[in-house]
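Engineer: I would like the atomic coordinates for the input below:
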Amino acid sequence: MKQSQITWWCQEMIRLWVPEGGTYVDATMGNGNDTLLFCRMAGKSGKVYAFDIQEEALKKTRDLLYSQNLLDCAELILDGHEHMDRYIGKNTADAVCFNFGYLPGGSHAAATRAETSIEAIRKGLCILKPGGMMSLCVYCGGDTGFEEKEQILKYLKELLPKEYIVIVNEYYNRRNHPPMPVFIWKSENI
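Structural biologist: Numbering: from 1, shown residues only. Next up, the predicted model:
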């Protein structure tokens, strides 16, 4: 059932709330699925920036975009998401998305970490246009993520309500530390 997947929910919210033809950031490229969504949304007039620290993620994403004839829409960047402000200006992105944890099928040693993830969220909020949206897929099970989840939630709770709306969701009837979809909207008055 597709609707039970966190990535499906996050992509549906993006489709619902984010305009097409804009500027988008996939802060955690992984296998390229969010980058692909953003490239389809970007069309000929938009731009996608996708980040990952793993060569394997760039290769998988490049291959996926090439197979869909969308490689020209995206700039694939081999760098940590906490450095996204080196590539994208303030108040320019319509959407920023994150999938915290590790590359599906990849090494758990290359998982995201709380300190760089929070820095990336902070920079992503600066890059986000007023009225823009950020989605976070927070995975916390297994051997990674518990500390990261708690620190991310603590950081988000401190965001000023006049500047951001933060909605934290949970799979209420699932066991074993299910992922948590989180959505943030930047006020249009910032």
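Engineer: going forward, measure contacts between C-alpha atoms and count neighbours the same way
Structural biologist: Fine.
Engineer: buried set for the strand of greatest length in the chain?
Structural biologist: In the chain, taking DSSP state E as the definition, the longest strand is strand 128-138. In terms of neighbour count (16 or more other CA atoms under 10 Å), strand 128-138 has its buried residues at 128-138.
Engineer: again, but for stretch 48-67
Structural biologist: Going by neighbour count (16+ other CA under 10 Å), the buried part of stretch 48-67 is 48-54, 57-58, 60-62, 64-65.
Engineer: need the strands for the chain, in chain order.
Structural biologist: 23-26, 47-52, 74-78, 93-100, 128-138, 164-168, 180-186.
Engineer: average pLDDT for the first one?
Structural biologist: The reference is to strand 23-26. The average pLDDT within strand 23-26 is 98.
Engineer: if we can go back for a sec, quick one: the buried residues of strand 128-138 as JSON lines, columns for pLDDT and distance to residue 173 too.
Structural biologist: Below are the buried residues of strand 128-138 laid out as JSON lines (pLDDT from 0 to 100; distance: CA to CA, whole Å):
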{"residue": "128", "pLDDT": "98", "distance to residue 173": "33"}
{"residue": "129", "pLDDT": "98", "distance to residue 173": "35"}
{"residue": "130", "pLDDT": "98", "distance to residue 173": "35"}
{"residue": "131", "pLDDT": "97", "distance to residue 173": "32"}
{"residue": "132", "pLDDT": "98", "distance to residue 173": "31"}
{"residue": "133", "pLDDT": "98", "distance to residue 173": "27"}
{"residue": "134", "pLDDT": "98", "distance to residue 173": "25"}
{"residue": "135", "pLDDT": "97", "distance to residue 173": "22"}
{"residue": "136", "pLDDT": "96", "distance to residue 173": "20"}
{"residue": "137", "pLDDT": "89", "distance to residue 173": "18"}
{"residue": "138", "pLDDT": "85", "distance to residue 173": "17"}
